[in-house]
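Participant: Coordinates for the following, if possible.
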Amino acid sequence: MQETLYDIDGNPIAYLDTDDGNTIYLWNGIPVDYIEQDGAIYGFNGQHIGWYLSGYIYDNKGYIVGFNRMSARKLVKLSPLKSLKHLKPLKSLRQFRHFKPILRNVYSSLYLSQFLILGAK
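Facilitator: Now for the predicted structure:
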């Protein structure tokens, strides 16, 4: 299953492929991050960049960076066509996981596209 991930303005930025190891892909097919069972988001570079909980993407300070369609509080834009997926890079040794922060109902100043790239190799 695939679900679109939107930034705080309702723009489709990436998609989550749950059939492909919970991998997050950008629309150009580049895999940038993956999600662990408990919602921790790791980049293929090993960095723990945030959390995916109840359809929301949070940074490590607990601010909302993005969301899926079911969690959207506003109209979202149509998703573009997906490019062919690139091969996933090998996962780097993972950084120590941050503690789950206090989740805030406030948006992060970081755009979802910038956030997701933090984990790219």
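Participant: all contacts plus neighbour counts: C-alpha atoms, from now on.
Facilitator: Noted.
Participant: mind checking the backbone torsions on N68?
Facilitator: The phi and psi values for N68, taken as degrees, to the nearest 10, are phi -100, psi 180.
Participant: Quick check: beta-bridge partners of the nearest residue to it once chain neighbours are set aside?
Facilitator: Nearest non-adjacent residue to N68, counting by CA to CA, 6 or more residues apart in numbering: L5, 4.8 Å away. In this entry, L5 is beta-bridged to A14, N68, by DSSP bridges.
Participant: How about the contacts made by L5?
Facilitator: With contact taken as CA atoms under 8 Å, 6 or more residues apart in numbering, L5 is in contact with 12-16, 66-69.
Participant: Export the residues you listed to TSV and append columns for pLDDT, distance to L75 and neighbour count.
Facilitator: Formatted as TSV, the contacts of L5 follow (pLDDT from 0 to 100; distance: CA to CA, whole Å; neighbours: other CA atoms under 10 Å):
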residue	pLDDT	distance to L75	neighbour count
P12	97	11	24
I13	97	15	19
A14	98	17	27
Y15	98	17	22
L16	98	19	22
G66	97	13	29
F67	97	12	24
N68	97	12	22
R69	94	9	18
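Participant: how about those residues in CSV, adding distance to V32?
Facilitator: Listed next are those as CSV, based on distance: CA to CA, whole Å:
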residue, distance to V32
P12, 15
I13, 12
A14, 10
Y15, 10
L16, 10
G66, 15
F67, 17
N68, 17
R69, 20
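Participant: Which one of those is nearest to G46?
Facilitator: Nearest to G46, judged by CA to CA, of the contacts of L5 is L16 at 18.0 Å.
Participant: SS state for M70?
Facilitator: Secondary structure state of M70, per DSSP: H, G, I helix; E, B strand; the rest coil, is helix.
Participant: could you list every residue that touches it?
Facilitator: For M70, the contacting residues are G55, by CA under 8 Å, 6+ apart.
Participant: What distance do you get for it to I102?
Facilitator: 22 Å (CA to CA, to the nearest Å).
Participant: Please apply the same query to A40.
Facilitator: 14 Å.
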